[in-house]
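K.L.:
Need coordinates for the following:
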Amino acid sequence: MELDDECFDLGEGITLRKTYAHLMAHFVMAFKPAPPGRFHPAPWKPATGGFTFDVSAELLVPARLEEKFDSTVSVAKTVVFLLRLWVNPATTLPVFSSLPFAALPNTPDNQAKLLPFEVQDRHFPLGVVCGRATPDALAWVKEHWAITQKLFQNNADFALAVEAIDTGQFVQSTALALVSIWGALEALFSPSATELKFRVSALIAAFLEPPGIERAKLQKEIANLYNQRSAAAHGKPTHKPEDLLSSFNLLRRILIAIITRGKVPSKNDLEGMLFGSYAADS
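P.N.:
As a prediction, the model looks like this:
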């Protein structure tokens, strides 16, 4: 996450600011059991692999927010989700810290808590050409993180969709990632198990586009993506990387629409949009 400004206020005391830290873990092997409470004795041998991350920004979430929202960790994850959704999907949260990174070098080890978090490989990495966190982009995050937190806490289908898009890059199998994304789409757009392909594609198109040619075109595109989901779900994947990318983008567009409108559409809402008796922005 590269910030344009030195610091940005996201409201409620939450601050995103520039910093620098380097998280590293190198694999090492020992060959003798460790005494209780002690390190393994030498000799040690380095093993191939490990991971490293440069931390370029820190997100400060005040502890007092736990009284108003869920946990501070939950709030932090919501903000990072929105940074991925709106600013740059390559944004990573590699470590939680109980103190600002700049204060850690002079803090005794027993007074600082550091918890590695997103350190696994991205098997389907997403990114944008210019993914800097500009003030305009962060203003959208500031405006919408509180309602997103509320939706996440109160609507299981929305929470599933957030989880699907947020973890999809880290899933090793693209077929499983595709099935996960479409499972979330089905939860949002098809309470019924009948005629899933048409129902899901038609309701998503109605949710995203007004009646007309663009809605019909989108419905056909979504139906084709659903075919790829079905093949993957039944163990005979025929999808291409572009199909998974299109599914990510479709779910992203839907989540942005839900967050902007401040509610998850009900069955009656969706059927009203489909048959023209209810406007999407109502």
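
K.L.:
Now do the same contact list for Pro135.
P.N.:
Neighbouring residues of Pro135 by Cβ atoms under 8 Å, 6 or more residues apart in numbering: 4-5, 8. In this view, the C-beta of every residue, glycine as well, is placed from N, C-alpha and C.

K.L.:
Looking at those, which are in strands?
P.N.:
Applying DSSP state E to the contacts of Pro135, the entries found in strands are Phe8.

K.L.:
What are the boundaries of the strands in the chain?
P.N.:
Using DSSP E, strands in the chain cover 7-11, 14-30, 44-60, 95-97, 114-116.

K.L.:
Could I get the buried residue list for the first one?
P.N.:
It refers to strand 7-11. For strand 7-11, the neighbour count (16 or more other Cβ atoms under 10 Å) marks 8, 10 as buried.

K.L.:
Which elements pack onto that strand?
P.N.:
strand 14-30, helix 135-154 (3 or more Cβ pairs under 8 Å, 6 or more residues apart in numbering; DSSP states H and E).

K.L.:
so of the ones you listed, which one's packed in deepest?
P.N.:
helix 135-154 (a mean of 17; mean count of other Cβ atoms under 10 Å).

K.L.:
what is the orientation angle of that helix with strand 14-30?
P.N.:
Angle of helix 135-154 versus strand 14-30, following axes from the mean of the first three to the mean of the last three Cα atoms, to 10 degrees, is 70 degrees.

K.L.:
Helix 135-154 vs strand 7-11, what angle?
P.N.:
Going by the same axes, to 10 degrees, helix 135-154 makes 40 degrees with strand 7-11.

K.L.:
model confidence over helix 135-154, on average?
P.N.:
Helix 135-154 carries an average pLDDT of 96.

K.L.:
again, but for stretch 52-66
P.N.:
According to the model, stretch 52-66 has a mean pLDDT of 94.

K.L.:
Can you list the buried residues in that stretch?
P.N.:
53, 55, 57-59, 61, 65.

K.L.:
Dump those residues into TSV; add distance to Ala257 as well.
P.N.:
Formatted as TSV, those follow (distance: Cβ to Cβ, whole Å):
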residue	distance to Ala257
Phe53	32
Val55	32
Ala57	27
Glu58	30
Leu59	25
Val61	26
Leu65	27
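
K.L.:
so which of these comes closest to Leu178?
P.N.:
Of all the buried residues of stretch 52-66, Phe53 has the smallest distance to Leu178: 27.3 Å, by Cβ to Cβ.

K.L.:
The closest one is in contact with Asp121, isn't it?
P.N.:
No. The pair Phe53 and Asp121 fails to qualify as a contact (Cβ atoms under 8 Å) at a distance of 12.0 Å.

K.L.:
Low-confidence bits of the protein, can you list those?
P.N.:
191-195, 277-282 (pLDDT under 70).

K.L.:
so what's the residue nearest to the spatial centre of the chain up against?
P.N.:
The residue lying closest to the centre of the chain (Cα atoms, centre = their mean) is Asp166, at 2.4 Å. Residues counted as contacts of Asp166 (Cβ under 8 Å, 6+ apart) are 81, 84.

K.L.:
Just give me the neighbour total for Gly183.
P.N.:
For Gly183, the count of nearby residues is 14 (other Cβ atoms under 10 Å).

K.L.:
scratch that, Arg252
P.N.:
Neighbour tally, Arg252, other Cβ under 10 Å: 17.

K.L.:
Tell me which of the helices and strands packed on strand 7-11 lies nearest to Ala90.
P.N.:
helix 135-154 (13.8 Å).
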